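>>> Here you go, sequence then predicted model.
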Amino acid sequence: MAGVGSRSSYSSLSKKLDILSVPCQCTLSLTMFAVDKSDYFLTNSSIRGVDTRNKIQLHRPIANTSCFQKGVSYTVVT
């Protein structure tokens with residue numbers, strides 16, 4: 001595709017082609033999901049009435065099943 005050998009570095013190739021690596025793409029898509037669905041998530045200040053330094057962080061829901069823990073909405077918060 002890019003005319004390089006099989007042993008060439010991916011990081012230099014991704015910079016040359018101006019694309020993100022797979023972990024960066026995953027982080028970007030999770031962040032975009034959280035921003036788009038911000039009304040779906042609760043903050044710590046909406047759960048607790050006490051002002052703490054973590055009051056603006058997203059509240060981590062209680063996950064009873066591993067299926068829910070593997071879902072996007074749980075992954076965004078953790």
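Yep, it's here.

>>> Show the end-to-end separation of stretch 56-63, please.
By C-alpha to C-alpha, to the nearest Å, the extent of stretch 56-63 from end to end equals 21 Å.

>>> in that stretch, what counts as buried?
Neighbour counts over stretch 56-63 (16 or more other C-beta atoms under 10 Å) mark no residue as buried. All C-beta atoms are positioned from the backbone trio N, CA, C, and that covers glycine.

>>> Mean confidence (pLDDT) on the helix of greatest length in the chain, please.
For the chain, the helix with the greatest residue count under DSSP state H is helix 22-36. The pLDDT scores in helix 22-36 average 84.

>>> right, and the helix or strand after it?
For helix 22-36, the following helix or strand on the C-terminal side (DSSP states H and E) is helix 44-47.

>>> got the buried residues for the longest helix of the chain?
In helix 22-36, counting by 16+ other C-beta under 10 Å, buried: residue 34.

>>> Return the alpha-carbon coordinates of that helix using CSV.
C-alpha atoms of helix 22-36 as CSV (Å, rounded to 0.1, in the frame of the first residue of the first chain):
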residue,chain,number,x,y,z
VAL,A,22,-5.0,1.9,16.7
PRO,A,23,-4.8,2.8,20.5
CYS,A,24,-5.1,6.5,19.6
GLN,A,25,-8.1,5.8,17.4
CYS,A,26,-9.8,3.9,20.2
THR,A,27,-9.2,6.6,22.7
LEU,A,28,-10.5,9.2,20.2
SER,A,29,-13.6,7.3,19.4
LEU,A,30,-14.4,6.7,23.1
THR,A,31,-13.8,10.4,23.9
MET,A,32,-16.1,11.4,21.0
PHE,A,33,-18.8,9.0,22.3
ALA,A,34,-18.6,10.5,25.8
VAL,A,35,-18.9,14.1,24.4
ASP,A,36,-21.8,13.2,22.1
